[in-house]
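1. Could you look at this predicted model? Sequence included:
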Amino acid sequence: SPPGVCCRRFFLLGVLLCSWTALQALQSAAWVTGQRPATRTTLRAGKYKQEDTFTWGDFNQWADGAMNQAKSVASGEKTECWRALTKIRVRTAPDIEAKQVSSKKMGPVFINAGAAFQVAEVCSDMKGSKRRFMRLAGSDYWVFDLGTSGSWLGKPVIEPDNKPPENPVDSLKKLMNPYGMKIVGSVDDML
């Protein structure tokens, strides 16, 4: 066969292998965090997201949370785990009028309903209301505990997450061995 055909075959084989590896990494990341991917079709940016898919946006959100938690541990911050009851806007300062955090690629930053997050600091509203502000661990961003509009006005939008935190060693084991195979001399024996 001509020399160019062989190179094209190896190139296509490499692309196929990289795609499969990336898909496996995304599925493992969803499994390790205990977060289930979306279970229904949702409209996102004008396109439909199919059932049980795990997108790059989901992976980036998971990675940001893991990175913030690692920063908190490294700096010695004491954190508490909280869970969002509805979609929450993330703010730049502990104030209702503070600017909402946004990025050029993703737009406004939210904590989705049902998502767990780490809180490093809690402070009260200086204006005399009962609202409290929580600083997200490993960042300078804030969320508040009472709703500001709609059916959530004045109602709690977050609750403490009483689930015990997962052991980091167990998370690493799940990431390195997602199917739970036991092999003598494997990562299980080292950890």
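-> Good, I have the coordinates.
2. least trustworthy helix or strand in the protein by mean pLDDT?
-> strand 42-44 (a mean of 41; mean pLDDT, DSSP states H and E).
3. partner residues bridging residue 103?
-> residue 107 (DSSP bridges).
4. do residue 156 as well
-> Under the criterion used here (DSSP bridges), residue 156 is bridged to residue 146.
5. Give the burial count for it, as a bare number.
-> By other C-beta atoms under 10 Å, 12 other residues sit near residue 156. In this view, the C-beta of every residue, glycine as well, is placed from N, C-alpha and C.
6. What of residue 139?
-> Count around residue 139 with other C-beta under 10 Å applied: 16.
7. element containing it?
-> Using DSSP states H and E, residue 139 falls within no helix or strand.
8. Need the pLDDT of it.
-> For residue 139, the model assigns a pLDDT of 81.
9. Same check on residue 18?
-> Value for residue 18, per-residue pLDDT: 59.
10. Return the backbone torsion pair for the residue lying closest to residue 134 once chain neighbours are set aside.
-> The spatially closest residue to residue 134, leaving aside those adjacent along the chain, is residue 119, at 4.2 Å (C-beta to C-beta, 6 or more residues apart in numbering). Dihedral angles of residue 119 (phi, psi; degrees, to the nearest 10) stand at phi -110, psi 130.
11. From residue 80, how far out is residue 119?
-> 5 Å (C-beta to C-beta, to the nearest Å).
12. Show me the shaky parts of the chain.
-> Applying pLDDT under 70 to the chain flags the ranges 1-77, 106, 126-128, 164-169, 171-172, 177-178, 180-191.
13. Break it down into its domains, please.
-> 1-54, 77-160, 164-191 (automatic domain parsing).
14. Confirm for me that residue 153 is in contact with residue 131.
-> No: using C-beta atoms under 8 Å, residue 153 is not in contact with residue 131; the gap is 11.6 Å.
15. neighbour count winner among the two?
-> Just comparing residue 153 and residue 131: by other C-beta under 10 Å the higher neighbour count belongs to residue 131, 16 against 9.
16. give the contact list for that one.
-> Listed by C-beta atoms under 8 Å, 6 or more residues apart in numbering, the contact set of residue 131 reads 96, 124-125, 144-146.
17. 7 Å instead, please
-> 125, 144-146 (C-beta atoms under 7 Å, 6 or more residues apart in numbering).
18. hang on, isn't residue 113 packed against residue 152?
-> No: taking contacts as C-beta atoms under 7 Å, residue 113 lies outside contact range of residue 152: 10.6 Å.
19. Overlap in contacts, the two.
-> With C-beta under 7 Å, 6+ apart, residue 113 and residue 152 have common neighbours residue 86.
20. Looking at the two, which is more packed in?
-> Higher neighbour count among residue 113 and residue 152: residue 152, with 15 against 12, using other C-beta under 10 Å.
21. residues touching that one, list them.
-> Counted by C-beta under 7 Å, 6+ apart, residue 152 has contacts residue 86.
22. Perfect, that will be all.
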